[in-house]
Each structure stands twice: as C-alpha cells, then as structure tokens.
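Peer 1: Below is the structure, and that's it, no one-letter string:
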Ligand SMILES: Nc1ncnc2c1ncn2[C@@H]1O[C@H](COP(=O)(O)OP(=O)(O)O)[C@@H](O)[C@H]1O
Ligand SMILES: [Mg+2]
C-alpha cells in the first residue's frame, strides 16, 4: 500500500479534528476520504481514522454513543480483517467503547481539560501506525482532552505490557493519571491503534509543536498490511 | 461500615444536554419505549461506623452545599443505604 | 406516566477522580465524617404509560449496553420509580 | 400589581376591551413613562405578550437606551479611509471587514457578566455560545474565540468559586464546539468582587459572496426557527439580569440560568454552513438575549414587509410555557432563517441530515405589522420598528466626579511610594512582580483551552496576539488581541480607553499584522450615576478619536452597564473597563513574529522611549496597593509609526521576535520573552537611563506606552537600524540573547542583578495553581 492509498476519516456529529486528520493524511501523501457516521459504507478505503472531538457532546461517556453509529459496524468488521484503524483522542475512546481496544478512558485526575505539547515515547514500532518511528523514539505532539486517563484492570495492563501493545507512553510527568503512563495502545494484531494525544496537530511547521505527528500517517502508507475492503 | 446515598438531578425546567443526548440515542439502538431521559448524579458516601442521624444530617448539608448546585440542580434524596443497593 | 430509575457506579477497583475530588473537598468544608466517596450516574427514564415488565426489560438492556461501560462501571439498579423518589 | 391572568388568553382584542387591566410593567423593568409610551404607540394597552416583547427589547441590554447617544460618536468619526475595508459596520450582528483575496472576516466581543456571577460555568459557557451565533448569523464560519476575564481579589473566597467555574465554562463550550481559543486577558481587582467581567470574542471567516444579513424580505417567504427546543431558560433574564443589579431582589422568575449545549451548537454551525453554501437562506438571525422577541422584531423591521408568526408551532421543551414566556425565552442554540417557499423542502432536508429540529413558524407578509398568533388568536400586533429600534433614548446626566482631581493628584512619585533601589531590591521586586496576580503566568487558565483545533492557529497564548490562517493556499490570516486596563480608565477614562486601544493595536502589530478594525465591550457601572456616565462618555469619545487617528474603525461591540454591587455610586461600580479588540491582517501567516526568543546571540532592541510613568501601574498596585495619578501619556502618531515599523520588520524578515511592553513594563517583557523558550539574555540599562533621563527602577517598571522589545539577528542589524533611523523611531540596543551550552540560562541585568530562568519561571508559574488548584 503506497501509491494512491486512501485513508477514510469518519465524521460523527460533534467530531472536531476530522478536517485536521484529513489534512494530515494529505500531507503524508495519501488521499483523505470523508466517511459519514450514518453511512454503513467505508467507500473502499485502505485505512480508517476516527478523529478527535466530542461525538454527541460526549455527555454520557466519551465515545459511548458514537460507537453505535452505522459506520462503526463496518469499521469493526474491517478492523477484524486487518485494516489499519487509528483512533485519536475521542476516536481512541470510541475504539475502547467498541471493544476494539481494551480498557477505558476516564476523567483526568486533576479534573480539568488540559491542552499542552506532550512529550511521548514510541514504545512500539510494530504497528500499522508506528512503523515509521524508531523503537524508543521520543516525540512531541499536542495533548488536549478532559477525559484522557487510561484505565484497565491489572491483568489487562500486564498483558498489554507483555505483548508489547503499549504503543505510546507519556514522558516528563503523567498529564492525566493514566495507569502506567499509557498514552496509546494497540490490538493484538497491531492494525488498530488508539492514542490520546493528537498527531494530526503536529504535521505543519507553523501550526503545532513540530512535525512529529507525520510519522503515524506515513507509517500507514508503508504498512504493507493489505486492506480487506468491505 | 455504613453508606449514605445521595441523588442529585438537574432541575426539571433546566436544559439537560446529557439526558437529551441519551434520549436521542435510545431509539437508534432499538429502545423505543422511552420518551424522556434525565441524567443526574449518584454519590455514595462511606462512613467507618453506622449511619447515625448526625451522619445523615452532615450528608444532607454536604448535598446542599458541595454536591449539588442549587441554581440548576435538586437534591432528590439522601438516605442510609448501608445494607441495600450494593450491586443489586 | 411512568418512570424507571437506573443507577450506574464506577467499579470499586477503578479510579474515580470525581469521587476522589469530593472526598478531598468534604473535610475542608467541615464535613469530617466521610472516609470515601464515589460518584456515579443516575438516569431517570420516562415512559408514557405504566412501567410494565417489558419496559423494565428494555431499561435493563439499555443500562447494560448504552448507559454503562462494563469495563469501568456497574449497573447498580434498574427499578420502577413511578411513584417514589420524586423530589423526596 | 398582580401577575397577568394566565387563565384567559390575553389577546389583542381583549386588550382593547380591558384598558384598565393592571399589568406588571414595573416588574418587567419598564419605567412608567416607557409603559405609557407603549400604550401610546399601540393606541391601547399592550397584551401580556406585547408587554413582554417591549420590556425585553427596551431593556438597557437590548436597546442601549443610556449609551446610544454616545455611541453615535463612532459613526461621526468614521472617515472615508476607514470605510475602505468595512463591508458591514455597526448595527448588524457583527461587523465585516474585507481582508483581501475575496475573503472577509467578522468579529465581535460581547459580555456575559451577570450570568457568570450567578452560575459561573453556565454563564461563561453561554456567553461563548452567544457570540458564536452572532458570527454565524453573518454567514461566516467561526474560526476562533477569545475571552477577557476580570475577577475580584485573587485570594477572596468567592473568587475561588467564580474563577474555576468561568474558566471551565469558557473552555467547556469552546473546546466542545471545536473553536481554538487564541487569547484573552485575566485580571484580578477587588472592584470586580461580586461582579466579574466575562467578555467573549468570536471571529469568523467568509467569502465575500457568502455575506448574509438579518432581514426578512420578500412577501410569502417563510420564517423558520431551527436548533434547540424552547424552554423556560432565562425568562426575565434579559431585563432583570442585564439591566438591574441582581441584589435588588426582583420577583422570582422562571429559571434565569441558561444551560448551554455546545454539541447542539456545533451541529448548528455545520448545518448553517451547509444551508448557506446551498443558497437556501435569504435572511438569518441568531436568537440571543430576548430570544424570539428580538429575532422576529429585528428581522421584520429590517425587512420590507410585515411578518406573521404562529407561536404555537415553536417546538417546546416545556409544554407549559405561556405565549409571553415563549417570546422571552433565552433558550440557547437556536437560529431563525427566512427561506423562499421553493427552497423550504431543501432547507428542511439539510436540517434533518444534521438532526436539527426545524419549524416553519410563519411568513413575511405584505403588511407592516408583526403579528403573532397563538392557536389562531392574535396576541401580538405591533409595528416591529417600535419594538426593535424605537426604544427609549436617554440623555443621562453626567458629570466629572469631584473626587477625580484628588485621585489624579495622588501620583506615585518617589516621595509618595518607596521605590526599590540597587540590584538586590530590584531583583526581589522583579521576582515578586512576575508572581503577582496580574502578571503571573496565565497557563493555569489557558491550558484549559484547546488552541490547536482546526489547524489554523499560527500564534496563541502566551504570544501578544492570536494569529489564525484564513486561507490555506495563500496563508492569508488575521491577528487579534483583546486588551483593557480598568485602572488607567479609572484615573482618566478618556486616555484609559485610548491606551487599551493602543495596546491591542500594538499587540497585533507586534505579530506583524497590519491593524485593520476594532470591536469593543464597554463594561461600566450604573448609568444612573452621573460619575459613571461621565466615565462612559469620556471613554467613548476617547476611543472614537483614537480610532480615527489610527485609521481603524469600530465595527461593532457591546455595552454592559450596571456592573456594580451595592449603591455607593461610583465606589460600588467596577473600574470603568473598556475592553478593546483589534483585528489585523497578515498576507501570509508564515511571516508572523512570535514574542519569545528562540536563539542566542540576537540583539535585543527597545523601541520607543521610557518616562517616569507609574500612575495606575502594576507596580504601584501590586507593591503598594496604590491607585492614583495619571495613566501613561499616549502619542497616537508614535503608535502608528511603531506599528508600521513592526509590520515592515515582519514583512522583510528583520526581527525574529517582538513583544509589546505594557503591564509591568520592560521587566515583565524581558521575563516573558526569555521564559517563552528558556533563552536568557544579558541586558544593560545605562545607555537607556542616560538617554531617557531615568533610573534603572523606572527603566524596568514604568509603563510608558508606545514601546516594544525586538530580537534582531546580527545579519539584519544594519537594515533594521537604518529603517528605524530613517523613520525617526527611537531605538536602542539594550542587550543580547544568551545561552551558554551546559550552563543554566539566566536573565542578567548587568551591574544590577542576575536571575536564573528556572527561578524566574517558578515564581511566574506558581501563583494561579496555588490559588485555584
Ligand atoms: N482568559 C484568557 N484566555 C485566553 N488567553 C489569555 C487569557 N488571558 C490571558 N491570555 C493570554 O495570555 C498571554 C498573556 O496575557 P497578557 O499579559 O494580558 O498579554 P498582553 O499584556 O500582551 O496583552 C496573551 O497571549 C493572552 O492572549
Ligand atoms: Mg493585556
């Protein structure tokens, strides 16, 4: 997958960073495709991004309602077949609610929304979305959320660590109470990745803390994982 | 160990965006019987000993001052729930 | 008009930042009897008619699928509250 | 007086038959002569619904009855030159400015002060929501918000209630709706105790052809209400909350507190933009204060006919609402559009796609009255202009308070206030000043705001102005700054307002943007106090004159009066606080100048001259609790020159950083520029002191206007100094940025003191978290 890679970005009611995700896809050299929450149709894309925002206002639980959108049935199916799926912030929450990823995200321990440039370590480059990074590489991308505390039971945490599925870890202080400083994780196969910080806001020199976010979008171009279109 | 349960709900006349979001989502998931939803808060307060009248009184005052915002919320109930309502 | 009340609480072993914040604030306000607080959600669902077993059954399923996340929350109770608990 | 009878519907017919029926005009905030005037206009007593409409629309908040005569000044000082880029001026929902390449921007600042005191979270949240809808109503896509906040003393217990609520409310709404917050202000002063100021600004972008105005034209066109359902929110809120002090103990009303639903508004934005682009909207108006009363009467009075509204078609959240309550409700997240019959089906298809409820309420008629029916019976029949525009106009008496002379005479001279001298004292003063409530880091506040969403933000907090890109291809963008200084305005309202304008103007220019237009929010005490009214009149005059001299028109804004607690006249009023927003344009945001130093070895120049000006200064206040004397002098020609030079520096790439000097003076600017990226500096003050005839204390802490600090790379130094010399701008090299590998960065003021940035930064950062957690 490289030339002409098509990456779908889902827009739910209340998605906010969908335009930014599409811009990032484009800057990385792929073709962004708009996917609408109400259409059970992935339009033949090779990979899917669930963007940040406050789907349905996130009033009930973050991502709780978006999980049931018609498009999500297709995303779950495609993910099962190996299609690369990236959930950013609210998208990560949707992936957890959909059980594509384990655990859940709860209110930040300090109870405030927090927007900052966050230092991270890429713990695993063995996923569809991190292959362009060197293992252990340190990057800076924006973090912005009110409910970013990753929680899971001990057994799940141990398994994630053991299987190398902790993909990103917070550095220089834990910004929200996430267990074991976890900022992002993957599924067993490594095609589904979720993270709280926003790589799509670090893809243009002037409009963010640098270009470190491009690595995620570049990775999926060379992932070599064949999409199984629905 | 004793437990006091406090229920706080948005005042009926105040907009409840949470409840609105839920009532919009329910029919899409096939739950078609509900015409209104309001979402409030439930607090469980623990005390080391029994729930005495003094405990209840303090819980009541905490409910009015800290746990609810009287401008937009009502304290619906403050009750001893030491025995009941555990994982019911 | 009938009403179903659903209570959802964070699982005991899961971090509850809101409850933690409350338990920290209580003694500062002079409420010194409480050793633990957990904050959950209370939903009031309205139905046009009576709360039949079918209504309760649908409410129970809604509670399990939409209104709670089993990874972090427990549904503590789903009950007919048509008569009781109104502005108690 | 008894409440209106709720049993029988108060129709126009009934009103005509029962002239003696007692009406609660006083509870609704109308004065006796105003009520009499309504009766005169209608030739009968108003119905309950009409009374509701007139009372909200004739309130201070909606009618500007005390301020109108003064606001005309802005128009009188509008030159042809200033009109050049003005597409829509004062009077519409928001002003619209042409920024070139077929793009326009619309921006406005508005207050939500009183609601934010009662319920800080929701008050602030709905303040942000309201201003965003004003921008949407112009046909624009909102692209950023800002917030200017003023609270009581930082250590007052009620401040600890209000601050976290307001900040999370501003953030909660803006973050959830997906608009970056790109700047604002946070100020603490005891005068705002019990009356915080929450001013929110929104800026939107549109193509010229997308401009929409609020009018209902074309007989037979349909009037559609869409968005949230109408509930009992804020009924009575407009007249009671915005016009009278709320400790006056008014009648108990339906819930005055409005709760915001940012998700609904986000969907409404996307829905509106789709409607605009599909060409389905003839006229559009947001529903803000005064709800349907305002939207219907303003649309109708700006149109070419009358309007018929079936009020029973309004989708209700609370079915028990009476017609007058529906007319007065301030439920949020609603819009009203005028749509041709041919387009209505397509219109409703778009609203359905976004899951937005819509109802066709009525139509534009060929009459000249606004008629409102309730289940077929007429409850309102009025000439809409009399509601929307012909409200009362007061020429309130105003007079310079007798105490003003004594206040101005009490200047903070060296004899009056002890000044620090010598390196040790200056160092200690600097550390206390950067930690003082009004100069400390705002990160505790601004870190709660999303500044990245939409991917347009080229500069935001803590830079001098927010900069957003408007056009992705060309990089065309705008810069915005919001500034005000209540202490300066207290000492001299005229100069104080001008200084606020000058600061915002300078902040915008410091980023390299050419200042283009102004919006203002005028926060004052009770207009019934002649002293307050004098402050207001002076501020408006000063602002209008200064705008003319700087060539930047006021495009719109907001007046908030009755900001006071108690009735001790001027003494219970807030500091007179004109908050001024300036918008500038950058042809390419890639050229924007940041405020912090990134590299060592850059020469630091101070532009402008420094005088012994400490009246109203942060130093006098923070160190001595003193407010007296005169504010710094202002030279507008010099401000214009300074701005020109800063803009040219950005265009020609002559400077790497620029930071304006304001509160806290040079010391604060040095601290901020070095703390931004942790690059220190070596600074010398001898030449400056000699040139300007001042001592190091004055050099560091005076707040003289018209100054900026720039960092110039060595290779541009000749070009830079040549330009300043040629243009006659005072410039002096006062230091060099400095970073020695392996050594801790420091701010070193030669011969006086040296502070490690770590120590400076720790002092700067600790204050707000210490108070607010
Ligand atoms: N309430 C606020 N919301 C957003 N940004 C703010 C707020 N208060 C202050 N800021 C930002 O913090 C920075 C410092 O504020 P301030 O010292 O008032 O700036 P200046 O003196 O240059 O006007 C600026 O970038 C300003 O926009
Ligand atoms: Mg300022």
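Peer 2: Right, received. Where do you want to start? Just so we're clear, the structure is a prediction, and the values are computed from it rather than from any experiment. Residues are numbered from 1 along each chain as shown, chains lettered A, B, ... in the order given. Ligands and ions are numbered 1, 2, ... in the order given.
Peer 1: Check whether the helix or strand where residue B:46 lies comes into contact with chain D.
Peer 2: Assigned by DSSP states H and E, residue B:46 belongs to strand B:36-47. No: taking Cβ under 8 Å from any Cβ of the partner chain as the criterion, strand B:36-47 and chain D are apart, separated by no less than 10.2 Å. Where you see a C-beta, it was placed from the backbone N, CA and C, and this is true even at glycine.
Peer 1: Break down chain A into its strands, ranges please.
Peer 2: A:6-11, A:31-36, A:47-50, A:85-88, A:104-106, A:114-122, A:138-145, A:149-151, A:166-170, A:182-186, A:192-195 (DSSP state E).
Peer 1: what do you get for chain B?
Peer 2: Using DSSP E, strands in chain B cover B:2-10, B:36-47, B:73-80.
Peer 1: I'd like those strands as a markdown table, with distance to chain A and mean neighbour count appended.
Peer 2: What follows is the strands of chain B, written out as a markdown table (distance: least, Cβ to the nearest Cβ, whole Å; neighbours: other Cβ atoms under 10 Å in any protein chain shown):
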| stretch | distance to chain A | mean neighbour count |
| --- | --- | --- |
| strand B:2-10 | 12 | 23 |
| strand B:36-47 | 7 | 22 |
| strand B:73-80 | 15 | 19 |
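Peer 1: quick one on the thing from earlier: just checking, what packs against the strand holding residue B:46?
Peer 2: strand B:2-10, helix B:17-28, helix B:53-62, strand C:2-10, strand C:36-47 (3 or more Cβ pairs under 8 Å, 6 or more residues apart in numbering or on different chains; DSSP states H and E).
Peer 1: do that again at 6 Å, thanks
Peer 2: Counting by 3 or more Cβ pairs under 6 Å, 6 or more residues apart in numbering or on different chains; DSSP states H and E, the packing neighbours recorded for strand B:36-47 are strand B:2-10, helix B:17-28, strand C:36-47.
Peer 1: Make a markdown table out of these and add mean pLDDT.
Peer 2: Formatted as a markdown table, these follow (pLDDT from 0 to 100):
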| stretch | mean pLDDT |
| --- | --- |
| strand B:2-10 | 96 |
| helix B:17-28 | 94 |
| strand C:36-47 | 96 |
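Peer 1: Now for residue 53, how many residues are close by?
Peer 2: Chain wasn't specified; assuming chain A. Using other Cβ atoms under 10 Å in any protein chain shown, residue A:53 is surrounded by 31 other residues.
Peer 1: my question was about chain D
Peer 2: 31.
Peer 1: and if you look at residue D:210?
Peer 2: That count, for residue D:210 with other Cβ under 10 Å as the rule, works out to 16.
Peer 1: before we move on, what about residue A:14?
Peer 2: Other residues close to residue A:14 by other Cβ under 10 Å number 26.
Peer 1: who's in contact with it?
Peer 2: By Cβ atoms under 6 Å, 6 or more residues apart in numbering or on different chains, residue A:14 lies in contact with A:53-57, D:263, D:266.
Peer 1: Quick check: phi and psi at it.
Peer 2: Main-chain torsions, residue A:14, degrees, to the nearest 10: phi 100, psi 0.
Peer 1: got a pLDDT number for it?
Peer 2: Note on residue A:14: pLDDT of 96.
Peer 1: Of all the helices and strands packed on strand B:36-47, which one comes closest to residue A:86?
Peer 2: Proximity to residue A:86, assessed across the helices and strands packed on strand B:36-47 by Cβ to Cβ, is greatest for helix B:17-28 (24.5 Å).
Peer 1: Quick check: buried residues in that closest one?
Peer 2: B:17-23, B:25-26 (16 or more other Cβ atoms under 10 Å in any protein chain shown).
Peer 1: Skip the chain neighbours and tell me the closest residue to residue D:367.
Peer 2: residue D:306 (3.5 Å; Cβ to Cβ, 6 or more residues apart in numbering or on different chains).
Peer 1: I should have written residue A:188 there, sorry.
Peer 2: For residue A:188, ignoring the flanking residues on the chain, the nearest one in space by Cβ to Cβ, 6+ apart is residue A:163 at 6.6 Å.
Peer 1: can you check residue D:130 too?
Peer 2: residue D:288 (5.0 Å).
Peer 1: one step back: the contacts of residue A:14: which ones sit near ligand 1?
Peer 2: Residues of the contacts of residue A:14 in contact with ligand 1 (Cβ under 6 Å from any ligand atom): none.
Peer 1: Closest one of these to residue D:349?
Peer 2: For the contacts of residue A:14, the nearest to residue D:349 is residue D:266 (19.9 Å; Cβ to Cβ).
Peer 1: pLDDT wise, what is the closest one at?
Peer 2: 96.
Peer 1: name the element it belongs to?
Peer 2: Using DSSP H and E, the element containing residue D:266 is helix D:262-277.
Peer 1: do that helix and chain B meet at all?
Peer 2: No: applying Cβ under 6 Å from any Cβ of the partner chain, one finds helix D:262-277 separated from chain B by no less than 6.6 Å.
Peer 1: name the helices or strands packed onto that helix?
Peer 2: Where contact means 3+ Cβ pairs under 6 Å, 6+ apart, helix D:262-277 is packed against helix D:157-177, helix D:344-353.
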